[in-house]
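Trainee: This is a predicted model, with the sequence first.
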Amino acid sequence: MAKLNVNANTGLLTRIDSIFPKLKGAERKLAEYIFNDYEKIIHQSITEVAELSNTSESTVVRFCKKLGYKGFQDLKINLAREIIKPEQHIHEVIDPHDEVVTIKKKIFQSNIQALYDSMEICSDEELEQAIQVISKANTIEFYGAGGSGNVALDAQHKFLKVGIKCFAYTDANLQAMSASVLTPNDIAIGISHTGSHTDTLHALKLAKEQGATVISISNISKSPITKVADITLYTTSKETMFRTDATASRIAQLTIIDTLFAGVANNRYDSAYNNIQKTRSSTINKRL
């Protein structure tokens, strides 16, 4: 399905782009109108937007809420803040003649943009639900391969520090074996940029068959992993020369893990604090 081309660094356009393939009829027309004239929106009334997009006021309100805003006024306020930001957009494609200082700026800007865009499309409701179920789980398992496997290992390290029983598996056989013996009190978290890695998908399906809650962290798209997951957390990023979208997306994956970790630790504040002290003390003799 078609997708819009996001050239501006605004959360509004990122949100629209993420759901555009699923839009039909009046909502699709409204999305195209906003995309083409988003800078004018902040000066228009809801009636003007409805008329100029050949839709209705109720469609505008419904569309704003679908994007995660409270209403049309909330959309305008947030858009105005984004437009007036004094940020200079740095073209992130690495040029053969770029100096190191330019490459540094482009890479840093690319990571910042991936985080910003992912923050916009990662659902607060899904994130809250994930934190709640993780806080109550007996065991958490993280599955990932390649770069996503490194994110899984990082997640294990973080959650173990606060005393949560968790495991990270990057080997396909170990993923499948462990997933097959999970229980309804356990959680399986699959990390896959494409959302279609066969080994990760197989493990998550096995976990779901055992009644475990399945959480996915993947790039925003309709992918197989989202059909298996009970809770979906999304990232998004752009692909450029010498830098695949999966590279920038990994920064966003790590940030989602950090958010889950902080939220769960906050829910179990006293025990988390005590366990951090214990785990720090356990490695004290390894430090110089």
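Mentor: Right, received. Where do you want to start?
Trainee: Using the three-state scheme, assign I217.
Mentor: In three-state terms, and counting by DSSP: H, G, I helix; E, B strand; the rest coil, I217 is strand.
Trainee: what does the strand or helix carrying T226 contact?
Mentor: Of the helices and strands defined by DSSP states H and E, T226 is found in helix 224-228. Here helix 224-228 makes contact (C-beta atoms under 8 Å, 6 or more residues apart in numbering) with 190, 192, 195-197, 200-201, 204-205, 208, 214, 216, 218, 232. Just so you know, the C-beta spots here come from the backbone N, C-alpha and C atoms, and that holds for glycine as well.
Trainee: The next helix or strand after it pairs with which strands, and in what direction?
Mentor: Past helix 224-228, further along toward the C-terminus, the next helix or strand under DSSP H and E is strand 231-235. For strand 231-235, the pairing partners within the sheet under DSSP bridges are strand 213-219 (parallel).
Trainee: tell me the mean pLDDT over the strand it pairs with?
Mentor: When pLDDT is averaged over strand 213-219, the result is 95.
Trainee: Check which helices and strands the helix or strand where K40 lies is in contact with.
Mentor: Counting by DSSP H and E, the element that carries K40 is helix 38-41. With contacts defined as 3 or more C-beta pairs under 8 Å, 6 or more residues apart in numbering; DSSP states H and E, helix 38-41 has these neighbours: helix 72-83.
Trainee: between the helix or strand just after the helix it packs on and strand 213-219, how big is the angle?
Mentor: Tracing the chain past helix 72-83, the next element assigned as helix or strand by DSSP H and E is helix 100-121. With axes from the mean of the first three to the mean of the last three C-alpha atoms, to 10 degrees defining the directions, helix 100-121 sits at 140 degrees from strand 213-219.
Trainee: In the helix holding T226, which residues are buried?
Mentor: Going by neighbour count (16 or more other C-beta atoms under 10 Å), the buried part of helix 224-228 is 224-225, 228.
Trainee: Now that helix - C-alpha only, CSV.
Mentor: The C-alpha atoms that make up helix 224-228 are tabulated as CSV, following Å, rounded to 0.1, in the frame of the first residue of the first chain:
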residue,chain,number,x,y,z
PRO,A,224,4.0,-11.1,11.1
ILE,A,225,5.2,-10.3,14.6
THR,A,226,2.4,-7.9,15.3
LYS,A,227,-0.2,-10.7,14.5
VAL,A,228,1.4,-12.9,17.3
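Trainee: now that helix: how far from the chain's centre is it?
Mentor: Taking the mean of its C-alpha atoms, helix 224-228 sits 15 Å from the chain's own mean (C-alpha atoms, centre = their mean, to the nearest Å).
Trainee: Now do that helix, average pLDDT.
Mentor: The model assigns helix 224-228 a mean pLDDT of 92.
Trainee: Repeat that for stretch 33-49.
Mentor: 85.
Trainee: for that stretch, which positions count as buried?
Mentor: Within stretch 33-49, the residues that count as buried by 16+ other C-beta under 10 Å are 33-35, 38, 41-42, 46, 49.
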